[in-house]
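Asks: Here is my input; please provide its structure:
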Amino acid sequence: MPYEKTNNSFKCKPWIYKNLKNFYFKCYIKDNKILGVIVFCKKKFNYHINFLYISSKHRNKKVGYKFLKYLANKKDRKLITTHVHKQLKRTIRFYKKNNFFKYSKYKKIKEVDFIRKESINFNKNVYNSKELLILKNN
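Replies: This is a model prediction of the structure:
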């Protein structure tokens, strides 16, 4: 992943989110080392994962799962969403393994339609390159 070599600049992701309102920045630290980072924001119907990164040495060791579980334990939003580049098949598999599903315009969920429209208003080409993945938070 490109972030391992370029994330030392505070002008790059994930650091740019650090002090923004409604954005939350969490690190998974073990033995004084950051093993993973998640940035998410609180929206009207959902928590949206803007950034999730696990150091390459610590992937497949449940660090990503722990971040998702942390969000799922927050009960004040019905949904957890994220956008993933379509070519990142391994990342899409990770989310599907953790009960996320791909948005389909045939599955009519009012809140998801709102989220999708909000994303398009922000970036009209977002769905040319990305998938919207959703977890219903019970």
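Asks: Contact partners for the residue nearest to Lys102 when sequence neighbours are not counted?
Replies: In this structure, Lys102 finds its nearest non-sequential neighbour in Glu131, 5.5 Å apart by C-beta to C-beta, 6 or more residues apart in numbering. The C-beta positions use only the backbone N, C-alpha and C, and glycine is treated the same way. Contact analysis of Glu131 by C-beta atoms under 8 Å, 6 or more residues apart in numbering lists His83, Val84, His85, Lys86, Ile92, Lys102, Tyr103.
Asks: so what pLDDT did Phe25 get?
Replies: The model reports Phe25 with a pLDDT of 88.
Asks: wait, it sits on Ile34?
Replies: No. Look at Phe25 against Ile34 with C-beta atoms under 8 Å: they stay out of range, at 11.3 Å.
Asks: out of the two, which sits in the busier spot?
Replies: Counting neighbours by other C-beta atoms under 10 Å for Phe25 and for Ile34 shows that Phe25 has the greater number, 16 against 13.
Asks: Provide the secondary structure category for that one.
Replies: Recorded secondary structure, Phe25: strand (DSSP: H, G, I helix; E, B strand; the rest coil).
Asks: For this structure, which segments count as helices?
Replies: Assigned by DSSP state H, the helices in the chain fall at 3-6, 63-72, 89-97, 110-122, 126-129.
Asks: list the buried ones in the longest one?
Replies: The neighbour-count criterion (16 or more other C-beta atoms under 10 Å) identifies Glu111, Val112, Ile115, Arg116, Ser119 as the buried residues of helix 110-122.
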